[in-house]
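Novice: Here you go, sequence then predicted model.
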Amino acid sequence: MQFFKMHALGNNYVFVDVARTTLPTDDLPSLARRVSDVRRGIGSDGLILVTPSDSADVGMRIWNADGSEAESCGNGLRCVARYAYERGLVDATHFSIETKAGIVAAQVHLDVAGRVRLVTIDMGVARFGPEAVPYRGAGRGEDVRVEAAGGCYTGTLVSMGNPHFVTLVDRVDEIDVERVGRAIESHPDFPERVNVEFVSVLAPDEIDFRVYERGSGVTFACGTGACASVAALFKKGWVGNRVTVHLLGGDLDIEIREDGHVWMTGEAHWVCEGTYYV
Ligand SMILES: N[C@@H](CCC[C@H](N)C(=O)O)C(=O)O
């Protein structure tokens, strides 16, 4: 199977363009687990398929490292956008990408050599509360309390197509993201599990961010998580509509426009291309 690997702020995926190679199996959860395995496979935070789409210019589907399928992936979208433009799947700098959560608009920004320098994605409108995020706890509002890892955490339920629990902390580097994040991610209150974001506000236009991703654990960055976090903080009036998010792997620019759409701008990088022997 021909694959390529890309990363966006260190959130790294194995990509397969299904139009250019044959998938060795229909069991994509198992394939995702195998390619993601750093010892026996390639090593990644998950598997992303680039697919043809009937309703958009390009399609994408994503499986986490544990084989669970997710609805969307912000960092993956920026990588798919760069791949699609640089490999000629699209010939304009503005185009659309279909995900399980719907169709998003992408724009690539080029350097003088015509390579993609940055990618902007319109990630759509954030939705809040138990109507948007599968939740079966006692809370009824958009903020809910979860007891996990010996502590009690209040977080905002946010959907960016996929589910997020955004919790405000004094300092992100004082949180044991692995331990607390894991406990919240698979807490019984979240029947479909949840992505867990720990955020602290440094200024109205700047936040610190750490994440424990559903199905992949601690990663260097999560694009949908950054969008969900800024959307939650903006709704509460704690940040303005344009925020630099400092993630473990680097910075993302998140802007909430007047119509409520959340726009994400950041880098996407090539790592390698090769053949995977099944
Ligand atoms: N890293 C991604 C999100 C990947 C999916 C997520 N773990 C989920 O299960 O919803 C991003 O950049 O958004």
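Specialist: In hand now; what should we look at? Residues are numbered from 1 along each chain as shown.

Novice: any low-confidence regions in this structure?
Specialist: Within the chain, no stretch has pLDDT under 70.

Novice: Report whether the expected contact of Pro130 with Gly139 is present.
Specialist: Yes - if you go by Cβ atoms under 8 Å, Pro130 and Gly139 touch, sitting 7.2 Å apart. C-beta coordinates here come from the backbone N, C-alpha and C atoms, glycine included.

Novice: Okay, and the beta partners of Ala106?
Specialist: Beta bridges link Ala106 to Phe95, Ile121 when assigned by DSSP bridges.

Novice: Just list the residues touching it, thanks.
Specialist: By Cβ atoms under 8 Å, 6 or more residues apart in numbering, the contact set of Ala106 is 77-78, 81, 84, 94-97, 119-122.

Novice: Could you measure from it over to the ligand?
Specialist: With the distance defined as Cβ to the nearest ligand atom, to the nearest Å, Ala106 ends up 14 Å from the ligand.

Novice: same check, this time on Ser68
Specialist: Applying Cβ to the nearest ligand atom to Ser68 and the ligand gives a distance of 6 Å.

Novice: That residue and Asn195, how far apart?
Specialist: Separation of Ser68 from Asn195 (Cβ to Cβ, to the nearest Å): 11 Å.

Novice: Those two - which one has more neighbours?
Specialist: Asn195 (29 against 17; other Cβ atoms under 10 Å).

Novice: So which residues of the chain form helices?
Specialist: Using DSSP state H, the helices of the chain run over 28-36, 74-86, 177-185, 223-235.

Novice: Out of the contacts of Ala106, give me the one that has the most neighbours.
Specialist: Going by other Cβ under 10 Å, Arg78 tops the contacts of Ala106 with 30 neighbours.

Novice: For that residue, give its distance to Ala101.
Specialist: Counting by Cβ to Cβ - Arg78 and Ala101 are separated by 15 Å.

Novice: Ok, Gly114 next?
Specialist: 31 Å.

Novice: Compare neighbour counts for those two and give me the winner.
Specialist: For Gly114 versus Ala101, neighbours defined as other Cβ under 10 Å are more numerous around Ala101 (17 against 9).
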